[in-house]
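# What follows is a predicted protein model with its sequence.
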There are 2 protein chains.
Amino acid sequence: MPQYKAPLRDMQFVLHELLNAEEHYAKLPAFSDTVSRELVDQYLEAAADFCENELSPLNQVGDREGCTWNDGVVTTPTGFKEAYQKYIELGFPSLSADEEFGGQALPNSLGISISEMVGTANWAWGMYPGLSHGAVRTLEHHGSAEQKAAYLPNLVSGVWTGTMCLTESHAGSDLGIIRTKAEPQADGSYAISGEKIFISAGEHDMAENIVHIVLARLPGAPKGTKGISLFIVPKFNLTADGSVGERNGVRCGSIEHKMGIHGNSTCVINFDNAKGFLIGPENRGLNCMFTFMNTARIGTAVQGLSASEGAFQGALTYAKDRLAMRSLTGPKAPEKEADPIIVHPAVRNMLFTQKAFAEGGRALVYLLAQHADVVEKGATEEERKFSDNILSLLTPIAKAFLTETGSESAKHGVQVFGGHGFISEHGMEQIVRDTRISCLYEGTTEIQAIDLLGRKVLGTQGAMLKDFTKIIHKFAEANKDNAAMAEFVAPLATLNKEWGDLTMQIGMKAMQNPDEVGGAAVDYLYFSGYVTLAFLWARMALVAQEALAAGTTEVDFYNAKITTARFYFKKILPRVRAHVDVIAGGVDPLMTLDAEHFAF
Amino acid sequence: MPQYKAPLRDMQFVLHELLNAEEHYAKLPAFSDTVSRELVDQYLEAAADFCENELSPLNQVGDREGCTWNDGVVTTPTGFKEAYQKYIELGFPSLSADEEFGGQALPNSLGISISEMVGTANWAWGMYPGLSHGAVRTLEHHGSAEQKAAYLPNLVSGVWTGTMCLTESHAGSDLGIIRTKAEPQADGSYAISGEKIFISAGEHDMAENIVHIVLARLPGAPKGTKGISLFIVPKFNLTADGSVGERNGVRCGSIEHKMGIHGNSTCVINFDNAKGFLIGPENRGLNCMFTFMNTARIGTAVQGLSASEGAFQGALTYAKDRLAMRSLTGPKAPEKEADPIIVHPAVRNMLFTQKAFAEGGRALVYLLAQHADVVEKGATEEERKFSDNILSLLTPIAKAFLTETGSESAKHGVQVFGGHGFISEHGMEQIVRDTRISCLYEGTTEIQAIDLLGRKVLGTQGAMLKDFTKIIHKFAEANKDNAAMAEFVAPLATLNKEWGDLTMQIGMKAMQNPDEVGGAAVDYLYFSGYVTLAFLWARMALVAQEALAAGTTEVDFYNAKITTARFYFKKILPRVRAHVDVIAGGVDPLMTLDAEHFAF
């Protein structure tokens, strides 16, 4: 069974050396006085301890036992409830919430690093507080003062948890066609009726109350996405003094049997004239929900990073230990009956791939978290706007690219173990199963791709993309005379220019045929992902070179960074060539076959 | 739950129109009088009926129930035993065996088409007769007359089943280090002791006896692969009259909990002074085993094809039915609340990918099966030798490329279903889990890659590759003036030449550094796979064009073939560019990092 070890050194490298967290927080008025490097590191260490010692040991337990449903009551796996109590006691749920509601008013970006550790140690468990966080954020942004006062303190403390109820059986990616109804009542509340599915943490035994945030339609609401409103629907209604009262008309009809994340309850939730309360304006529910969705997408990108990190940790340990065959260049461990498999280039290729995606993914997610801090707390409108653009562009990339590469890393984890990778006790196949959902929920890879290419890039006439390629361009210009960086800067600059050209090429075609956007989007997303990670790997290589030049004592650590950057540029980045050529093939080869003629 | 439908029309297209099965059998003296098109089609239809109606309904049952172990006794899932009885009654186990032992002496290639249907309908079930077939083939080739007489009749009829016992806990890819011992006994038998793991169908309740074919070491045998011998070890010893007698010292110690193929028992088998009988010469066990391994590798390639076909069938049905969003070019089903998702280019891309791999994979596997027929039954030494070369070259390609692309297709199956793909009842995630093992057993993808590039291609100074590229070259030359074929022939001819150049380039580097072979092998295998399938798709397009020119009534069927070929060339084949560029990056980026510096 794999034992999680928080990669604190690498997290600190990304936070402090690559992204200058201290400087970042110093620039934000909300945190300039309160958040120091010491504080950040303290929190990371506390979270590492909790994740390594409490959550990681429960990861396989959760997978094996799963959740059980009995007449509407859901029981979580052994130990999950107790771990959640400890999590509350350690104050993690309240980290980034407002002080007014009992929060610690710390930056969301700090929460992301902790999410990474929680998620790598035990993703299924982490979804319980994770979904709650989504409900808190939605209430913080769109709840009325009374709603906040009624629900936030207990959600922030973690005594209650929250959910997000969007999907219905017939409506997933297309929320415009949901059918759950909200009937206005004389007391100003609404009677909510309908069935929601795939409600993560929708019912469980960890909290006193569960606060559902629900999408539903008002009578006579316009069709489609412009007729959807957002409601609070608690599992137990609140009494006059705000404590848990009578059961509301909300029941868990069943839980799903699924490929992975068995430890998390994925619920069918039936609303039967349940008492609900409108959040935000009528028919603007989807807009309110977007606040949550963007955060949730970064949160899902973390799942991809977690899969890469977890699979890497498992595979690396095994590859150093397992003996098979001799190196093609002669025995490396002649005293043993065979060499450890890490001598074989194909095994190293898989390990490096995982490492490059884990560490590169970490850099990308943490970068986004910093931009999210600025969007919320930036000192000037200009800063906030700029970060919002970067965040909008990079969120679908991070979500789709890191979850897909996370799945790839998980696959390599199994492969490094050979046949043993297929066996449950080794834990590698669980990562494949658990992380598979990350490419589906919070918008599939295909939905992210359309969001990126259609809405973010072409929808802004390339303006949002230019904001980012300009940053890359500046970096390349600033380092073009640094000979040691040439192996990274030269290909990066070329691809950065190609990114714009490729966009133009697709945009031109799309004017003739809008389907060209849909035909190119997924490959465009991969292209964008590989280039974005190349930029971050080049920056990491530069930080490492500077540390070496400054005479660091951690020579091996920084050399490994440069070696991994080199691996990324030589052995991963060439994949863009396939995507460019596939895009050049256009959409026609996809569209001419009649649906009835796919099979005979 | 997906209901399997045998793709008989496509199977017949490949067998009769692409590969001229009738002509193929007419050229083989063993089959020229007995095997007609009618006979082939009759068998296919009988197998289709069995697979659709008996095996497919048990596929999810097997996954859900799994096998249970109780004190050495393994119980298979509900219905498995009864289905196996029907399979015996229908005479499928004896199809390709010698008449001398009760077989029907039909071609192995016919068995492959049936394996495809069995495997797509229910892979876990199909492994019981599949492994048995391996034992039969090994005995047919290497058993003594007495051994054949004693074991083959009951194995051929299916009353007994067989296994192949190779792997030990510490020895999978590297069989040279196995430890199971065989001590010679006074009566000419051997006492076998040791523990084997991952023994598929190693213990179950379907057959009266189980005949294990076991790799073990004789006392004082040379170290490594040259000191391994092969033994027959029955679960029950035979009495003097050949019937089932006393229990031998063979026990199933446990069964594995694994990612997929839950319906198949994957056993730890303990041999405790079990009575065994040497097959073939001492210390030549691995050589004898190769007969089985090559067949098993083609059999595993079938699993990849099955995954592509099964996932395609599920995804296509869903994509025509599920409604979400509108086409970017305007509503296609304005009377419905949304368009069926098959209107979206990204969904079509996934469906076409599955279709191209399934139908292309079918062509490749059936082609190999024909070459295997010739190797065994060819009229002349020259024919046999030529087919052996082609088969040797293409087997690792088919095994690794079709299982990896099968996994990709399975992934798309889940993705087309969106969140529902993650839910067990829809059956798509089961395909992902079941097929994952195909990239691991019978030699991992990495092992196949080394076999291809190291042994088959460079090991013959390119001679084996030239045999095949010459065939492609001739095809391209023969069709170079056919304007309708230009879109296929021109890129195929270019890549065919590049295949040789790429090989030279790697061969040159490998003379300096043998690790270059290991560094390039996996990408080289993918390159080879994509080009091989391109050749087959070009040939299929030609067959379709000729049928259309001849005035076929099945215009839609043949047009779909051409459209799929076009899709393959435009949207799949460009992937080779990434592999070529990655190979150009060489092995150095993989080898410079010390094993201890992969993580800090």
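Structure received.

# Hmm, residue A:475 is touching residue A:538, no?
Yes: between residue A:475 and residue A:538 there is a contact at 7.1 Å, judged by C-beta atoms under 8 Å. The way it works is simple: take the backbone N, C-alpha and C, and place the C-beta from them, glycine included.

# Of these two, give the one with the bigger neighbour count.
residue A:538 (23 against 20; other C-beta atoms under 10 Å in any protein chain shown).

# Let's see stretch A:551-562 as CSV, backbone CA atoms only.
What follows is stretch A:551-562, C-alpha atoms only, in CSV (Å, rounded to 0.1, in the frame of the first residue of the first chain):
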residue,chain,number,x,y,z
GLY,A,551,26.2,28.6,-4.6
THR,A,552,23.2,26.7,-3.1
THR,A,553,24.0,23.7,-1.0
GLU,A,554,21.1,21.8,-2.6
VAL,A,555,22.9,21.1,-5.8
ASP,A,556,21.2,17.8,-6.5
PHE,A,557,17.7,19.3,-6.0
TYR,A,558,18.3,22.1,-8.5
ASN,A,559,20.1,19.9,-11.0
ALA,A,560,17.1,17.5,-10.9
LYS,A,561,14.9,20.5,-11.8
ILE,A,562,17.0,21.4,-14.8
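
# Report the distance from that stretch to the chain centre.
Taking C-alpha atoms, centre = their mean, to the nearest Å, the mean C-alpha location of stretch A:551-562 is offset from the chain mean by 29 Å.

# Buried residues of that stretch, list them for me.
A:557-562 (16 or more other C-beta atoms under 10 Å in any protein chain shown).

# With stretch A:198-211 instead?
Of the residues in stretch A:198-211, those buried (16+ other C-beta under 10 Å) are A:198-204, A:206-207, A:209-211.

# isn't residue A:473 right up against residue A:493?
Yes: applying C-beta under 8 Å as the test, residue A:473 and residue A:493 come out as touching, 7.3 Å apart.

# Any idea how many residues pack against the residue nearest to residue A:570 when sequence neighbours are not counted?
Spatial nearest neighbour of residue A:570, chain neighbours left out: residue B:585 (3.6 Å); criterion: C-beta to C-beta, 6 or more residues apart in numbering or on different chains. The local packing of residue B:585 (other C-beta under 10 Å) involves 20 other residues.

# Now residue B:585: phi and psi?
phi -70, psi -10 (degrees, to the nearest 10).

# so it makes contact with residue A:568?
No: Residue B:585 lies out of contact with residue A:568 (C-beta under 8 Å); the separation is 10.6 Å.

# tell me which helix or strand of chain A sits lowest on mean pLDDT?
helix A:285-321 (a mean of 94; mean pLDDT, DSSP states H and E).

# near chain B, anything from it?
Yes: between helix A:285-321 and chain B, judged by C-beta under 8 Å from any C-beta of the partner chain, the touching residues are A:312-313, A:316, A:319-320.

# which strands and helices sit next to that helix?
Helices and strands touching helix A:285-321, by 3 or more C-beta pairs under 8 Å, 6 or more residues apart in numbering or on different chains; DSSP states H and E, are helix A:108-142, strand A:160-165, strand A:209-216, strand A:229-234, helix A:345-377, helix A:381-416, helix A:428-436.

# need the ones you listed in JSON lines with distance to chain B and mean pLDDT, can you?
Listed next are the helices and strands packed on helix A:285-321 as JSON lines, based on distance: least, C-beta to the nearest C-beta, whole Å; pLDDT from 0 to 100:
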{"stretch": "helix A:108-142", "distance to chain B": "13", "mean pLDDT": "96"}
{"stretch": "strand A:160-165", "distance to chain B": "13", "mean pLDDT": "97"}
{"stretch": "strand A:209-216", "distance to chain B": "15", "mean pLDDT": "98"}
{"stretch": "strand A:229-234", "distance to chain B": "19", "mean pLDDT": "98"}
{"stretch": "helix A:345-377", "distance to chain B": "4", "mean pLDDT": "97"}
{"stretch": "helix A:381-416", "distance to chain B": "7", "mean pLDDT": "98"}
{"stretch": "helix A:428-436", "distance to chain B": "4", "mean pLDDT": "98"}
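
# Of all those, which one is nearest residue A:548?
Nearest of these to residue A:548, taken as C-beta to C-beta: helix A:345-377 at 17.3 Å.

# Just list the residues touching the closest residue to residue A:207 other than its chain neighbours, thanks.
Among residues not flanking residue A:207 along the chain, residue A:161 sits closest, at 4.4 Å (C-beta to C-beta, 6+ apart). Residue A:161 is in contact with A:128-129, A:131-132, A:135, A:155, A:201, A:204, A:206-207, A:210-211, counting by C-beta atoms under 8 Å, 6 or more residues apart in numbering or on different chains.

# Any buried residues in stretch A:477-497, and which?
Buried, per 16+ other C-beta under 10 Å, within stretch A:477-497: A:479, A:485, A:487-489, A:491-493, A:495-496.

# send the alpha carbons of the lengthiest strand in chain A over as PDB?
As assigned by DSSP state E, the longest strand anywhere in chain A is strand A:266-279. The C-alpha trace of strand A:266-279 is given here as PDB (Å, rounded to 0.1, in the frame of the first residue of the first chain):
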ATOM      1  CA  THR A 266     -22.400  10.200  -5.000                       C
ATOM      2  CA  CYS A 267     -26.000  10.600  -4.300                       C
ATOM      3  CA  VAL A 268     -29.300  10.800  -6.000                       C
ATOM      4  CA  ILE A 269     -31.100  13.600  -4.100                       C
ATOM      5  CA  ASN A 270     -34.800  13.800  -4.300                       C
ATOM      6  CA  PHE A 271     -36.500  17.200  -3.400                       C
ATOM      7  CA  ASP A 272     -40.100  16.800  -2.600                       C
ATOM      8  CA  ASN A 273     -41.600  20.200  -1.800                       C
ATOM      9  CA  ALA A 274     -38.500  21.000   0.100                       C
ATOM     10  CA  LYS A 275     -38.300  24.400   1.600                       C
ATOM     11  CA  GLY A 276     -35.700  26.500  -0.300                       C
ATOM     12  CA  PHE A 277     -34.500  30.100  -0.300                       C
ATOM     13  CA  LEU A 278     -33.500  32.000  -3.400                       C
ATOM     14  CA  ILE A 279     -29.900  33.100  -3.600                       C
END
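
# possible to save the buried residues of stretch A:551-562 as JSON lines with distance to residue B:335?
Output for these, formatted as JSON lines (distance: C-beta to C-beta, whole Å):
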{"residue": "A:557", "distance to residue B:335": "63"}
{"residue": "A:558", "distance to residue B:335": "63"}
{"residue": "A:559", "distance to residue B:335": "64"}
{"residue": "A:560", "distance to residue B:335": "60"}
{"residue": "A:561", "distance to residue B:335": "58"}
{"residue": "A:562", "distance to residue B:335": "60"}
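
# so what's residue A:543 scoring on pLDDT?
Predicted confidence (pLDDT) for residue A:543: 98.

# before we move on, what SS does it have?
Following DSSP: H, G, I helix; E, B strand; the rest coil, residue A:543 is assigned to helix.

# residues contacting it?
Neighbouring residues of residue A:543 by C-beta under 8 Å, 6+ apart: A:13, A:17-18, A:561.

# Nice, that's everything, thank you.
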